[in-house]
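Q: Sequence first, predicted coordinates after that:
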Amino acid sequence: MFPLADRMKLVSESITLAVSAKAGAMKKAGIDVVGFGAGEPDFDTPAFIKDAAKLALDQGRTKYTPTPCVPELRAAISQKFQKENGLPYTPEQITTGAGGKHCLYMAFMAVLNPGEEVLIPSPYWVSYPEQVKLAGGIPKITRGEESNAFKITPAQLESAITECTRILVLNSPSNPAGHAYTPAELGQLADVVARHPQLVVFSDEIYEKLIYGDLKFASFAGLRPGLLDRTLTFNCHSKSFAMTGWRVGYVGGPKEAIEAMNKLQSQMNSHIPSFIQYAAAAALTDPRGAVSIEEMRRQFEARGKHMWQRLTALPEIKCVRPLGAFYCFPNVSAYFGTTVGGKEITDAVTFAAALLEESHVAVVPGNDSGFDTHVRFSFATSMEQIDKGLDRFAAFLRKINSD
């Protein structure tokens with residue numbers, strides 16, 4: 001047996017992989033599976049961004065670049081933070097990575113010491129705890145209660161902080177639940193952070209453009225004096241510009257942290273692909289970018305409202321209304337302890353497996369996000385597919401009740 005590093009024992013295998021693999025196999029076999037698992041927009045990357053990449057290729061921009069990125073992209077990100085978020089990051093306070101996930105991983109490696117705690121509100125994006133463990137830290141989960149729309153309170157945050165706490169991770173709007181904090185609620189959390197000078201914040205803001213209703217977005221680093229020097233602000237092109245496969249993430253923050261991340265990246269992948277950097281700059285500076293975002297946001301808002309209304313009309317299904325991102329996160333625990341098709345349903349994983357097997361609908365179990373009572377539905381698909389899948393879901397629930 002080939003020997004592996006001990007650190008690999010720290011990383012958990014995703015318990016959703018079996019469901020995802022089965023859904024893929026069923027589709028390959030010609031079975032009509034309605035997939036609600038996608039964590040990416042179903043829209044194409046805007047044409048002007050693809051044209052910018054093609055132009056960069058034609059111009060021979062295929063060589064090495066500085067590790068953070070080319071000056072044009074660094075300046076574009078800096079200007080974006082200043083104009084849209086009110087964060088006065090200079091170009092020297094900006095770096096990029098191969099997607100938001102890569103930026104977060106570099107940041108954990110650069111900031112976290114072995115044995116230090118990272119506060120992660122649940123439900124959470126599945127990679128946060130795993131990245132913390134790889135960096136030698138200790139994930140400390142603080143549960144956001146469904147009764148409070150999955151949001152942690154200032155009192156919860158205060159009680160969770162210890163002398164070993166180093167980082168607070170905030171993701172608003174959120175994957176997997178689509179919940180989001182108002183600026184006032186974030187401000188209350190900021191007041192708690194201000195009382196603990198050893199604590200820094202990783203603010204994951206990749207869904208900032210996908211907000212709905214009357215919600216206003218606010219960047220955490222700008223909420224209170226002094227937070228700018230204690231916050232790393234993460235963003236990417238994946239969700240806003242439908243560029244998931246392009247792998248463009250970026251982060252702004254204190255110069256010392258950015259330089260440390262650059263040092264790491266210089267020994268890892270050097271930089272993100274050179275020609276893509278020019279397309280990423282065009283996405284942020286061309287006025288057509290804002291138009292594309294708004295068109296996509298409006299469609300997501302309509303889909304999300306429709307999906308939430310249909311889910312909450314089903315018997316025994318509770319679902320917090322999504323205020324951002326493109327996910328609904330319904331509570332299906334009322335059906336635990338039942339059987340369908342001869343299979344017992346005990347948690348979100350077995351519920352999702354039975355739903356796929358019996359009704360050919362693929363969803364993501366919430367177990368890997370800290371909630372084994374919920375499943376994630378993505379509305380990053382057409383309204384037609386949403387209705388088709390929810391019709392099957394409703395029939396599946398009726399079948400449970402009749403078995």
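A: Okay, I see it. Numbering: from 1, shown residues only.

Q: Where does the prediction get shaky in the chain?
A: Along the chain, segments meeting pLDDT under 70 span 16-17, 401-403.

Q: what's next to stretch 141-156, contact-wise?
A: 119-124, 129, 157, 160, 174, 177, 179, 181, 185, 188-189, 191-192, 318, 320, 329, 331, 370 (C-beta atoms under 8 Å, 6 or more residues apart in numbering). No exception for glycine: its C-beta is placed from N, CA and C like everyone else's.

Q: could you flag which of the residues you listed are buried?
A: Burial by neighbour count, judged by 16 or more other C-beta atoms under 10 Å, picks out 119-124, 129, 157, 160, 174, 177, 179, 181, 185, 189, 192, 318, 320, 329, 331, 370 from the contacts of stretch 141-156.

Q: I'd like the list of those residues that fall within strands, please.
A: Using DSSP state E, the members of the buried ones among the contacts of stretch 141-156 that fall in strands are 119-122.

Q: Present the residues you listed as a markdown table; the columns should include distance to residue 205.
A: What follows is those, written out as a markdown table (distance: C-beta to C-beta, whole Å):
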| residue | distance to residue 205 |
| --- | --- |
| 119 | 17 |
| 120 | 16 |
| 121 | 15 |
| 122 | 19 |
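
Q: From residue 366, how far off is the residue most central in space within the chain?
A: In the chain, the residue lying closest to the centroid (C-alpha atoms, centre = their mean) is residue 175, at 4.5 Å. Taking C-beta to C-beta, to the nearest Å as the measure, residue 175 falls 11 Å from residue 366.

Q: What are the boundaries of the strands in the stretch 201-350 of the chain?
A: 231-236, 249-252, 327-328, 338-340, 343-345 (DSSP state E, counting those that start in this stretch).

Q: Then the stretch 51-200 of the chain?
A: Under the criterion DSSP E, counting those that start in this stretch, the stretch 51-200 of the chain carries strands at the ranges 94-97, 117-122, 138-143, 165-171, 200-204.

Q: quick one, which of those strands is packed in tightest?
A: strand 94-97 (a mean of 28; mean count of other C-beta atoms under 10 Å).

Q: List the strands paired with it, with their directions.
A: According to DSSP bridges, strand 94-97 forms sheet pairs with strand 249-252 (antiparallel).

Q: So what touches the partner strand?
A: 69, 77-78, 81, 87, 89, 93-103, 107, 221, 232-238, 258, 261.

Q: Specify the residue ranges that define each domain of this protein.
A: Using automatic domain parsing, the domain parsing of the chain gives 6-44+291-402, 47-286.

Q: The closest residue to residue 379 other than its chain neighbours and residue 381, how far apart?
A: Leaving aside its chain neighbours, residue 379 sits nearest to residue 303 (4.2 Å; criterion: C-beta to C-beta, 6 or more residues apart in numbering). Distance from residue 303 to residue 381, counting by C-beta to C-beta: 8 Å.

Q: And the helices in the stretch 201-350 of the chain, which stretches?
A: Using DSSP state H, counting those that start in this stretch, the helices of the stretch 201-350 of the chain run over 255-266, 274-285, 288-312, 348-359.

Q: Residue 247 is nearest to which of these?
A: Closest approach to residue 247 among the helices of the stretch 201-350 of the chain (C-beta to C-beta): helix 274-285, 7.7 Å.

Q: Centre of the chain to that closest one, how far?
A: Helix 274-285 has its C-alpha centroid displaced from the chain centroid by 22 Å (C-alpha atoms, centre = their mean, to the nearest Å).

Q: got the CA coordinates for that helix in CSV?
A: Below are the C-alpha coordinates for helix 274-285, written out as CSV (Å, rounded to 0.1, in the frame of the first residue of the first chain):
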residue,chain,number,x,y,z
SER,A,274,-2.4,34.8,-17.7
PHE,A,275,-4.9,35.3,-20.5
ILE,A,276,-7.8,34.8,-18.0
GLN,A,277,-6.6,37.7,-15.9
TYR,A,278,-7.4,40.1,-18.7
ALA,A,279,-10.8,38.7,-19.1
ALA,A,280,-11.4,39.0,-15.3
ALA,A,281,-10.4,42.6,-15.5
ALA,A,282,-12.8,43.2,-18.3
ALA,A,283,-15.6,41.7,-16.3
LEU,A,284,-15.1,44.2,-13.5
THR,A,285,-14.6,47.3,-15.7
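
Q: Check which residues of that helix are buried.
A: For helix 274-285, the neighbour count (16+ other C-beta under 10 Å) marks 274-284 as buried.

Q: quick one, phi psi at the residue nearest to the centre of the chain?
A: phi -110, psi 120 (degrees, to the nearest 10).

Q: With the one 4 residues further on instead?
A: Geometry field for residue 179 lists phi and psi as phi -80, psi 160, criterion degrees, to the nearest 10.

Q: hang on, isn't it packed against residue 328?
A: No: the pair residue 179 / residue 328 is not scored as a contact, 10.6 Å apart, by C-beta atoms under 8 Å.

Q: any common contacting residues for those two?
A: With C-beta under 8 Å, 6+ apart as the test, residue 179 and residue 328 both reach residue 322.

Q: ok so, going back, excluding chain neighbours, what is closest to the residue nearest to the centre of the chain?
A: residue 125 is the one closest to residue 175 (C-beta to C-beta, 6+ apart), at 4.9 Å.

Q: State the distance from the one you found to residue 255.
A: Going from residue 125 to residue 255 by C-beta to C-beta gives 27 Å.

Q: Which of the helices of the stretch 201-350 of the chain sits closest to residue 33?
A: helix 348-359 (7.3 Å).

Q: hang on, the earlier thing: can you tell me which of the ones in strands among the buried ones among the contacts of stretch 141-156 lies closest to residue 23?
A: Within these, the smallest distance to residue 23 is 24.9 Å, found for residue 122 (C-beta to C-beta).
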